[in-house]
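**Q** What shape does this take:
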Amino acid sequence: MSDPLLDDLDHQLIEILSKDARISNRKIAADLGVTEGTVRGRVKRLQQDGMIAFTAITSFGLADQTRLAFIGVQADVGQVKDIANEIADVPLVNAAMITMGRFNILAFCLFNELDKLHEIASDQILAIKGVHHVETSIAVKTIKYNSRIVRITKPENPAKKK
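**A** This next block holds a predicted model:
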């Protein structure tokens, strides 16, 4: 299945909504010179196709675990996708990405106690078959944090909702 084609209007809608998801369809329509029904239909299609989603972004202050760690993982090249999926299933792992460079998987997790981070990195991730090396880095001071990129997640399959 290929990604849906997005035209200029779709890109304009996404740009506007990424700045303010609470803006009214009427305001968007007036700004773009289209009908409110066109905006409503396009937004609905973009949501159904998994191209956009609306959600509230919470701050670290609301999380049960308030310290951030990055876990770099070196794994068998032929098993990277399966291993990344297994890491993503670890409860305190908030993100798992396949990367290029020193590590082929990078995981983000929130934690409170170093013992818990050690358990995640050593007892859970390092124990996965095909993982050769795990290296953790703990964020000690956040200089910039753009919450707009945090909520980028795998789109929910519309067929599963039915």
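
**Q** quick one: low-confidence ranges for this structure?
**A** The chain contains residues with pLDDT under 70 at 1-4, 56-66, 146-162.

**Q** domain assignment for it?
**A** 8-48, 61-138 (automatic domain parsing).

**Q** Tell me which of those domains sits most buried.
**A** domain 61-138 (a mean of 15; mean count of other CB atoms under 10 Å). The C-beta positions use only the backbone N, C-alpha and C, and glycine is treated the same way.

**Q** For residue 136, what are phi and psi?
**A** phi -110, psi 150 (degrees, to the nearest 10).

**Q** who's it bridged to?
**A** residue 71 (DSSP bridges).

**Q** That one against residue 119, yeah?
**A** No - with contacts counted by CB atoms under 8 Å, residue 136 stays clear of residue 119, the gap being 11.5 Å.

**Q** who does residue 105 bridge with?
**A** Residues in a beta bridge with residue 105, per DSSP bridges, are residue 73, residue 98.

**Q** can you tell me which residues contact residue 67?
**A** 110-112, 117, 138-139 (CB atoms under 8 Å, 6 or more residues apart in numbering).

**Q** of all those, which comes closest to residue 24?
**A** Minimum distance to residue 24 across the contacts of residue 67 is 34.6 Å, recorded for residue 110 (CB to CB).

**Q** Identify the farthest-apart pair in the contacts of residue 67.
**A** Using CB to CB, these span at most 13.5 Å, a distance reached by 112 and 139.

**Q** returning to that earlier point: mind putting the domains of the chain in TSV, distance to residue 144 included?
**A** TSV is the format used below for the domains of the chain (distance: least, CB to CB, whole Å):
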stretch	distance to residue 144
domain 8-48	18
domain 61-138	13
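
**Q** Grab the nearest non-local neighbour of residue 90.
**A** Using CB to CB, 6 or more residues apart in numbering and skipping residues adjacent in sequence, the residue nearest residue 90 is residue 124, 5.3 Å away.

**Q** For the residue nearest to residue 77 when sequence neighbours are not counted, which residues are in contact?
**A** Counting by CB to CB, 6+ apart, residue 77 lies nearest to residue 104, which is 6.9 Å off, once chain neighbours are set aside. With contacts defined as CB under 8 Å, 6+ apart, the neighbours of residue 104 are 73-75, 77, 80, 98.

**Q** which phi and psi does residue 104 have?
**A** Taking degrees, to the nearest 10, you get phi -100, psi 0 for the backbone angles of residue 104.
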